[in-house]
Each structure stands twice: as structure tokens, then as C-alpha cells.
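*Asks:* from the sequence below, what's the structure:
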Amino acid sequence: MPPVFRSLPAERRCWTLCAACALLLGVATDLGPHRVWGFTTTVGYAAAALAAGRSRRSGRVLPAASAVAGAVLVPLVALVAVGRAQPEVAVVERSARLLLRTGSPYVANAAGVADHNPYLPGMSLLGLPSALLGHGPVTDARWYFATVFAVAVVAALRTARRTASTAVLLVSACPLVALPLATGGIDLPIAGLICLGLALAGRGNGGRAGLVLGVAAALKWTAWPALPVALALLSVRNGRRPALRCAGGWLAVLAALVLPVAVTDPAGLGVNAVAFPLGLTDAVSPAASPLPGHLLATHLPGGRLVAIAALATAAGCVAVSLVVAPPLSTRAAADRLAIGLGLASCLLPATRFGYLLIPFVLLAWLRCARPAATPRKVPARAPYAHRHQ
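*Replies:* Next up is the predicted model:
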């Protein structure tokens, strides 16, 4: 590490490192939206590094706001204006059009990679503005991914009685979150809803927690492991009834959003949302980052089955831990879920580094926030009549 870098304050080193990572991605990637993001956000992170430590009054707010402006807002507006995005955006918007036209968000007899939709039917709802009004800068699904994420995380922090503004800025400014915010990451709304569901469970509100986690579960199967974690938290802190209300709310939302498609198009749901992500179809998923599950499936004879067996073993271990040592707080529940989803992201046969976004948000959303200030108790004043006797 260069001596000049070591001499910088810790916060300034962090933003400088983010700028270096963004520039490196812009140079190395062959994906157009990622290249645009890498080059444009380098300036934003550099501005955050310059702002860090300049003003004690602004603290972490000014650098984080500079980073969000330069790493999220500027590239997002630019990419939306020129119509460049990750393929997931087009998949979600197409699924919404199919849902309105045929009652199913899945292409009949999907053949190529572009025909597959690996998400559950609820994800199509985020593409409805584009399906109803036509694709354009205002109806681009990325705005709705980002809105659900931001609103859910703010609500989660307030439910957990934490300060929200700085925490949301810091989490959003991290390259792992800022990149999908600008280019179209579908895991963002899932991450935000899971945080809100766990926060509600931590406050003992099982019914609302179940409804929120049910919405997340209707978007993508990666949100499903949040339910047993929330149930364990509710059971150990509040008893059986709140846990049952949580499970009931979860099932009700999932039945409303997923069951109709499961009944009318079970083949489409199974092929797209189950077989394709597991790498069990002829079309090979583009999710091929060199993580253990992909390496096993690619280079080891029978490695796909080995990876799936390892995934099942990891899930079993996390499930046992919920029974033997259930989480006692919202933060402990978020950490436990982050471990489980992190293992799953690494062991899936078709996986990519972007799948680590949800574990990262789960680990960061409470750690970046301070407890909200409690209002000082003002001594009760004497009644008006007594004060004037």
C-alpha cells in the first residue's frame, strides 16, 4: 500500500478505494452499462474523498451524498436517457406485458437465454408502468427498483429506531449497491423488503412482517429463507402467536401473487424460476462468476449435483442453527440470514458476484446507522390554575 494512501484519513481512503474500483471496472468490463457506470462514477467517488473530513458539521453526510449523486443519480439518469441497462430490466418489463396479455409472465416454450425469466410472478409488477404506458425514461423499471429499495430501507431503519438518512446514503453509495441501482439490479427491492420484514419481526409485529416478507418472496425465491429466520426471531422473543401471524401473512401474499400463475402455467413457472437458475435447462444462464458452485459445476464430473448437495447441506446447517441458537435481535437475525444467503450465492451452480448484494445490505443496514435520539423528557408543568394562585 503506497505511503500516501496510508496517510489519508480512514473515510477518505474508503472513498478513494471506491473510485479506484469504479475506474478499474470501467477499464476491464466488456458490458456497456457497467463501463459507463465505471467511468462516470469515478468522479463522484473522488469528490466524496475530497469532501471527507473537510467539515466536522457535515460529518459523513456530505461525502456520502456526493458519492450517491456521482455513483447513482448521474449514471442512472444518463443510462436511462440513452436506453442502456442490464438485461434484467428488459426481462421484467417484458414479463409485465406478457402478464397483462396472457396471464403468465413467462414466454411459452422458452428456448434461448433471452427468453427465460428466472423471477417469480410478483417481479412483473415492477414492470407494469412500462407495460401500461410504453417504455420510456419515466417508466423505466429501474426507477421502481430503486424506489422500493430506498423506501423499504428507510422504513426498516425507522422501525428499528435507527437514524435513516446517513445510513441509506452510505449503503447506497457502496459500489456493490450503486452499480445495480444505476444499471438495473432486481435484487435491490428484495433486499429492502427483507430488511423491513426483519425490522417488523424484531418489534414483534408478526402480521406486518409476514405481509412484507411475502411480497419479497413473490419477487424471487432468494427471499424465501427470510421467513424461517423471522419466525425464529418472533418465536423466541414474542411467542407462537406472532410467529403464526407472520407465517399466515406470508402465505396469503404468496398465494395471491404466485398461486394464480402456478395453477395456469406450472410448466412455465417451473422451467423459468426453478430449473433455469439451477442450471438444469439446455439454455445456460449467463450468471457464471467464478464462485465455488459454478467452478464445481463446470470443472468437476457430476459437479452440478455436488454443488446442489453442498447448497442443501449449507441450508440444513443454517436451519439447525435457528432451532439450536435462534437469533435474539433484529441485527442477529439479519446476520444469520446474510450468512445463509451468502453461502447460497457462492454454492449455486449458476451464480454471479451480484448475488452477494442482499447479504451485504443485510450486514450493513443496521451497522451504518446510529440509534435514533430519544426525546428528552420535559418535566410536567403545573396546571394553569395552580401557577397563578
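*Asks:* which strands or helices does whichever strand or helix holds L62 pack on?
*Replies:* Per DSSP states H and E, L62 falls inside helix 61-68. Contacts defined by 3 or more Cβ pairs under 8 Å, 6 or more residues apart in numbering; DSSP states H and E place helix 61-68 against helix 10-28, helix 32-51, helix 165-173. (C-beta placed from N, C-alpha, C; glycine too.)
*Asks:* next, the buried residues of the longest one.
*Replies:* Right, helix 32-51. Using 16 or more other Cβ atoms under 10 Å as the test for burial, helix 32-51 gives 33-38, 40-49, 51.
*Asks:* any idea which helix or strand comes after the helix holding L62?
*Replies:* That would be, after helix 61-68 and using DSSP H and E, helix 74-82.
*Asks:* helices or strands next to the next helix-or-strand element following that following helix in the packing?
*Replies:* Downstream of helix 74-82, the first helix or strand assigned by DSSP H and E is helix 87-102. Under the contact criterion of 3+ Cβ pairs under 8 Å, 6+ apart, helix 87-102 touches helix 128-133, helix 141-159.
*Asks:* how far off helix 141-159 does helix 87-102 point, in degrees?
*Replies:* On the basis of axes from the mean of the first three to the mean of the last three Cα atoms, to 10 degrees, helix 87-102 is oriented at 100 degrees to helix 141-159.
*Asks:* next one: helix 87-102 to chain centre, how far?
*Replies:* Here helix 87-102 shows a centroid-to-chain-centroid distance of 20 Å under the convention Cα atoms, centre = their mean, to the nearest Å.
*Asks:* residues touching the spatially closest residue to W37 that is not a sequence neighbour, list them.
*Replies:* Of all residues not flanking W37 in the chain, P75 sits nearest, at 4.7 Å (Cβ to Cβ, 6 or more residues apart in numbering). Counting by Cβ atoms under 8 Å, 6 or more residues apart in numbering, P75 touches 36-37, 40-41, 182-183.
*Asks:* how about the helices in the stretch 101-250 of the chain?
*Replies:* 128-133, 141-159, 165-173, 175-183, 187-202, 206-217, 226-238, 240-257 (DSSP state H, counting those that start in this stretch).
*Asks:* would you convert the helices and strands packed on helix 61-68 into TSV that also reports distance to E88 and mean pLDDT?
*Replies:* As requested, these are exported to TSV (distance: least, Cβ to Cβ, whole Å; pLDDT from 0 to 100):
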stretch	distance to E88	mean pLDDT
helix 10-28	18	91
helix 32-51	11	92
helix 165-173	18	90
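*Asks:* neighbours around A312, how many?
*Replies:* By other Cβ atoms under 10 Å, 11 other residues sit near A312.
*Asks:* mind checking how far it is from L343?
*Replies:* Computed with Cβ to Cβ, to the nearest Å, the distance linking A312 and L343 is 11 Å.
*Asks:* in the chain, where is pLDDT below threshold?
*Replies:* Judged by pLDDT under 70, the chain has its weakly predicted residues at 1-9, 53-59, 279, 285-288, 373-389.
*Asks:* hmm, 50 instead?
*Replies:* 1, 4-5, 7, 57, 377-389 (pLDDT under 50).
*Asks:* you'd agree V306 is up against H299?
*Replies:* No - using Cβ atoms under 8 Å, V306 is not in contact with H299; the gap is 10.8 Å.
*Asks:* between the two, which one's more packed in?
*Replies:* Between V306 and H299, counted using other Cβ under 10 Å, V306 has the larger neighbour count: 16 against 8.
*Asks:* how about the residue nearest to the spatial centre of the chain: what's its closest non-neighbour residue?
*Replies:* Geometric centre of the chain, nearest residue: A191, 2.6 Å, by Cα atoms, centre = their mean. Using Cβ to Cβ, 6+ apart and skipping residues adjacent in sequence, the residue nearest A191 is V361, 4.1 Å away.
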